[in-house]
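In: Any chance you can model this:
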Amino acid sequence: MSGYLMEISDQEFKLMRDLIYQRFGINLTDQKKSLMVGRLQKIIRASGFATFKEYYEHLLNDKSEKALSDLIDRISTNHTFFNREKEHFRFFVETALPTVVARLEKENRRDLRVWCAGCSTGEEPYMLLMLMAEFFGANYGQWSAGILATDISDRALSIARAGVYAEERIADVPEALRRKYFKRLPDGNWGVIDRLKNEATFRRFNLMNAQFPFKKPFHIIFCRNVMIYFDQPTREALIGKFHQFTEPGGYLCIGHSETIGRSQSLYNYLMPATYQKEAGR
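Out: Predicted coordinates:
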């Protein structure tokens, strides 16, 4: 029975697609119909529903929103690895960190705020934390630093919090960092050391929320390979909210396959997928 794809009518696909777009901003085109069926049919059958319409109505009526959480876990792709698109990490440690830290020290402040929006299974925030720890060295404890790492997927966040990765996932971590910030586990995997894990705050957060709840803006925001799922209006609205919560002079990094458009006037373009908010805005 599980060897064939469930049938989905055009009406059912539209209902599901509209719900996913409204709640998560993910824009599924007609070409993604078989992808949707392939990723959802197992949970639909396991839950005892005969049709996508029954499953859709369950999603609407589930007040706990656990069904919606399971839905996005299956629709979204959480493929990533350490040191992915490493030009950003080089920019982070050679330009963004020194510039922001110098400005904060000049203002006699020690609160560095970095946000990974769409942190997936944790490779990106842990990579940034290793670089921050190396940058500050013995002075790290004098700073209120760490990283806020958010994602829509509970499954991805549970992996991130555990901080355990197969060897191939950490293959691109420089050897010196691997020795310092990971421990080899009995099963052959690698675990992030507790001292680093404690510097990451993982939270479930939907970037489609009308209002962002943050009390203070961030100096550096990473949102990479998230907006590839969004259409232009959704991207523009999200960039506007990021801008609102970026410190003047702060930075935004997006994925190299993404663009926010050269015509937008909120951020200054620095280099591919890297932008800065003007100091006076």
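In: Tell me which residues are up against the strand of greatest length in the chain.
Out: Looking across the chain with DSSP state E, the single longest strand is strand 246-254. Applying C-beta atoms under 8 Å, 6 or more residues apart in numbering, the contact partners of strand 246-254 are 88, 91-92, 96, 99-100, 103, 113, 217-224, 227, 239, 242-243, 260, 267, 270, 273-281. C-betas here are computed from N, CA, C, even on glycine.
In: For it, which strands pair with it and how are they oriented?
Out: In the sheet, strand 246-254 lines up against strand 218-223 (parallel), strand 274-277 (antiparallel) (DSSP bridges).
In: For it, buried residues please.
Out: Judged by neighbour count (16 or more other C-beta atoms under 10 Å), strand 246-254 contains these buried residues: 246, 247, 250, 251, 252, 253, 254.
In: after that strand comes which helix or strand?
Out: Downstream of strand 246-254, the next assigned helix or strand under DSSP states H and E is strand 267-271.
In: Just the buried residues of the contacts of strand 246-254.
Out: Among the contacts of strand 246-254, those scoring as buried are 88, 91-92, 96, 99-100, 103, 113, 217-224, 227, 239, 242-243, 260, 267, 273-277 (criterion: 16+ other C-beta under 10 Å).
In: Quick check: beta-bridge partners of the residue lying closest to residue 274 once chain neighbours are set aside?
Out: Excluding the flanking residues, the one nearest residue 274 by C-beta to C-beta, 6 or more residues apart in numbering is residue 253, at 5.4 Å. Beta bridges link residue 253 to residue 222, residue 274, judged by DSSP bridges.
In: on that earlier part again, just put the buried residues of strand 246-254 in TSV and tack on distance to residue 206.
Out: Below are those laid out as TSV (distance: C-beta to C-beta, whole Å):
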residue	distance to residue 206
246	19
247	23
250	22
251	23
252	19
253	20
254	18
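In: Just the closest of these to residue 208, please.
Out: Using C-beta to C-beta, residue 254 is the member of the buried residues of strand 246-254 that sits closest to residue 208, with 16.8 Å.
In: Relative to residue 242, how far out is that closest one?
Out: Going from residue 254 to residue 242 by C-beta to C-beta, to the nearest Å gives 9 Å.
In: anything in contact with each of those two?
Out: residue 223.
In: Domains in this structure, by residue range?
Out: Domain segmentation of the chain under automatic domain parsing yields 10-75, 86-277.
In: which of these sits most buried?
Out: Stretch with highest mean neighbour count among these: domain 86-277 (a mean of 17; mean count of other C-beta atoms under 10 Å).
In: how long is that domain from one end to the other?
Out: Length of domain 86-277, first residue to last, C-alpha to C-alpha, to the nearest Å: 22 Å.
In: Among the strands paired with strand 246-254, which comes closest to residue 150?
Out: strand 218-223 (9.7 Å).
In: returning to what we had before: angle of the longest strand of the chain against strand 267-271?
Out: With axes from the mean of the first three to the mean of the last three C-alpha atoms, to 10 degrees defining the directions, strand 246-254 sits at 40 degrees from strand 267-271.
In: show me the contacts for residue 240.
Out: So residue 240 contacts residue 266 (C-beta under 8 Å, 6+ apart).
In: What score does it have for pLDDT?
Out: pLDDT, residue 240: 93.
In: Residue numbering should commence at 37 henceforth.
Out: With the count now opening at 37, the last piece we talked about shows up as residue 276.
In: any chance of the strands paired with strand 282-290 in CSV, with distance to residue 201 and mean pLDDT too?
Out: CSV is the format used below for those (distance: least, C-beta to C-beta, whole Å; pLDDT from 0 to 100):
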stretch, distance to residue 201, mean pLDDT
strand 254-259, 19, 97
strand 310-313, 26, 94
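In: a markdown table for the ones you listed, including distance to residue 97?
Out: Below are these laid out as a markdown table (distance: least, C-beta to C-beta, whole Å):
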| stretch | distance to residue 97 |
| --- | --- |
| strand 254-259 | 32 |
| strand 310-313 | 41 |
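In: Need the nearest residue in space to residue 95, chain neighbours excluded.
Out: Residue 95 sits nearest to residue 103 (C-beta to C-beta, 6+ apart), 5.2 Å away.
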